[in-house]
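# With the sequence up front, the predicted model follows.
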Amino acid sequence: MINQEISRIFNEIAEILELKEVQWKPRAYKRAAQSINNLPTPVTEIYKKQGLKGLDQIPGVGERLSKKIEEYIKTKKIKEYEQLKSSIPHNLDKIMNVVGIGPKRAKELYNKLKIKTTKDLEQAIKQHKIRNLFGFGEKIEQDLAENLNIYKKRVKKTYSLQKILPIADSIKNELKKLKEVKQIEVAGSIRRKQPTVGDIDIIATSKNPKKVIDKFVSLKQVKKILAKGETKAIVVLNNNIQSDLRVVPENSYGAALQYFTGDKQHNIALRIIARNKGLKLSEYGIFDVKTNKKFVTKTEEQVYKILGLKLIPPMERHNRGELERYKITK
């Protein structure tokens, strides 16, 4: 669990540094975050046995970031992270969901017009305030108005399973052709065979996530790239459907697939079962609360078995008695 917490903090540091237009450091933090998240051993154990030298040897970490990890192990805080959080508005990521607003523009819109929500953005566009900002202009304001409308439609709109399933399968099959892709599956409400679907969630494993992400964002079905990182990308397809791809480590594929298949109430019920067993369940895997030991969850079957359950079919995951029906009885 500590690995995932440090990984989350490093990713957030990277995002804030990007907002501040800092060069190079964000990439270093993201690279370290990915390595730490993929470690099979808790960093506390590495530090206990090998000290700072052991942390230095984690791929992508090095001397400077190993001291940040040591600081967190000792104090449960990272001073730089706390300072960065207090230096910039925390919810600018909301307007960064609109295509055309990256970290630099998000910061500028907040500093000049105090825009931090899509509602603020819509109001500023209607009042033609954005076109008067240095570096923006009328054309950019018009583009943002169009992109904001696309975003609002995408958030609200749902599609029939019959329409969206062939699109999801075509994307999956294209990515499956890559030799770097070891496993891949469509998750979310599509996998649960819900009659209406909001977007397409895909989970894959690979030792070269960058290659898979690059292929995903360059597919002919892709209209716009909303976000692209080391292990995750979000795009808008030609028919305005949003599609998300996450590339996860092989030893947590089962946990990720289970988590992103849902549904929400089913997942909440599973987390309660885990907690009662002294475990913590998340998209990253199953962990022993006391020892931080991470269980191998390469398959969904392993996830459910650790929780004392038989594999529950995706279509039955809605917390309506399935946990009792699939309970393993001795």
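Yep, that arrived. This one's a predicted model, so the numbers in the text were calculated from it and none came from an experiment.

# separation between the closest residue to Leu219 other than its chain neighbours and Pro313?
Nearest residue to Leu219 in three dimensions, chain neighbours excluded: Glu174, at 5.9 Å (CB to CB, 6 or more residues apart in numbering). (Glycine included, C-beta is placed from N, CA and C.) Applying CB to CB, to the nearest Å, the value for Glu174 to Pro313 is 26 Å.

# returning to what we had before: please report the distance of the residue nearest to Leu219 from Thr261.
Using CB to CB, we find Glu174 at a distance of 21 Å from Thr261.

# just Lys182 next, same as before
19 Å.

# what's the answer for Ile312, then?
Taking CB to CB, one finds Ile312 at 10 Å from Thr261.

# more crowded one of those two?
Between Ile312 and Thr261, Thr261 has the larger neighbour count (other CB atoms under 10 Å), namely 23 against 20.

# which residues touch the more buried one?
Thr261 makes contact with Ala187, Gly188, Arg191, Arg192, Glu300, Pro314, Arg317 under the criterion CB atoms under 8 Å, 6 or more residues apart in numbering.

# ok, now Pro42?
By CB under 8 Å, 6+ apart, the contact set of Pro42 is Met1, Ile2, Asn3, Asn292, Lys293, Lys294.

# and Phe197, bridged to which residues?
Just to correct that, residue 197 is Val rather than Phe. Counting by DSSP bridges, Val197 forms beta bridges with Tyr159.

# so it touches Ile190, yeah?
Yes - between Val197 and Ile190 there is a contact under CB atoms under 8 Å: 5.4 Å.

# so what's in contact with those two at the same time?
By CB under 8 Å, 6+ apart, the residues touching both Val197 and Ile190 are Leu161, Ile164.

# isn't Lys67 right up against Leu52?
Yes - if you go by CB under 8 Å, Lys67 and Leu52 touch, sitting 7.1 Å apart.

# What separation is there between the closest residue to Ile286 other than its chain neighbours and Gly229?
Nearest residue to Ile286, sequence neighbours excluded (CB to CB, 6+ apart): Phe295, at 4.4 Å. Plainly put, Phe295 is 26 Å away from Gly229 if you go by CB to CB.

# same check, this time on Phe216
12 Å.
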